[in-house]
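In: okay, sequence plus prediction incoming.
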Amino acid sequence: MCTNGVNTGQLETMIDQIDDHIKLERRHIHNLAHTAADAGFTTVGEKLHAAQHLLDEVRAALDEAKDAMEDDAEEAAGFTVQLV
């Protein structure tokens, strides 16, 4: 569905693709944090876990963006664009 020239289905798909990428990177950083901590690099492990939590926040923001997209699409649906 297009709203004001934006293919909302494609936009949602692209947000999902970014989320999938972040999910994979989160898993990698989680494993790396445990590897570092288990090897005695405590501070490194803590910093990597902090980065992991930031990626969790990114994923939450992406979910919020998808929810906002639905609300914005409903509000924007009343407008029409005319080529002059």
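Out: All right, it came through fine.
In: tell me how many other residues surround the residue lying closest to V58 once chain neighbours are set aside.
Out: Of all residues not flanking V58 in the chain, I22 sits nearest, at 5.5 Å (Cβ to Cβ, 6 or more residues apart in numbering). For glycine as for every other residue, the C-beta is placed from the backbone atoms N, C-alpha and C. As a burial measure, I22 scores 16 neighbours (other Cβ atoms under 10 Å).
In: so, low pLDDT: which residues of this structure?
Out: 1-5, 76-84 (pLDDT under 70).
In: so which residues of this protein form helices?
Out: 8-38, 42-76 (DSSP state H).
In: can you give me how far the first one is from the chain middle?
Out: What separates the centre of helix 8-38 from the centre of its chain is 8 Å, taken as Cα atoms, centre = their mean, to the nearest Å.
In: also the longest one?
Out: A distance of 5 Å separates the centroid of the chain from that of helix 42-76, by Cα atoms, centre = their mean.
In: list the buried residues of that helix.
Out: For helix 42-76, a neighbour-count test (16 or more other Cβ atoms under 10 Å) marks G45, L48, H49, A51, Q52, L55, V58, L62, M69, A73 as buried.
In: with stretch 29-40 instead?
Out: I29, L32, A33, A36, A37.
In: can you redo the residues you listed as CSV with distance to V6?
Out: Output for these, formatted as CSV (distance: Cβ to Cβ, whole Å):
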residue, distance to V6
I29, 32
L32, 37
A33, 38
A36, 42
A37, 44
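In: farthest-separated two in those?
Out: By the measure Cβ to Cβ, I29 and A37 form the most distant pair in those, at 12.3 Å.
In: contacts for stretch 56-67, please.
Out: For stretch 56-67, contacts defined as Cβ atoms under 8 Å, 6 or more residues apart in numbering pick out E12, I15, D16, I18, D19, I22, K23, R26.
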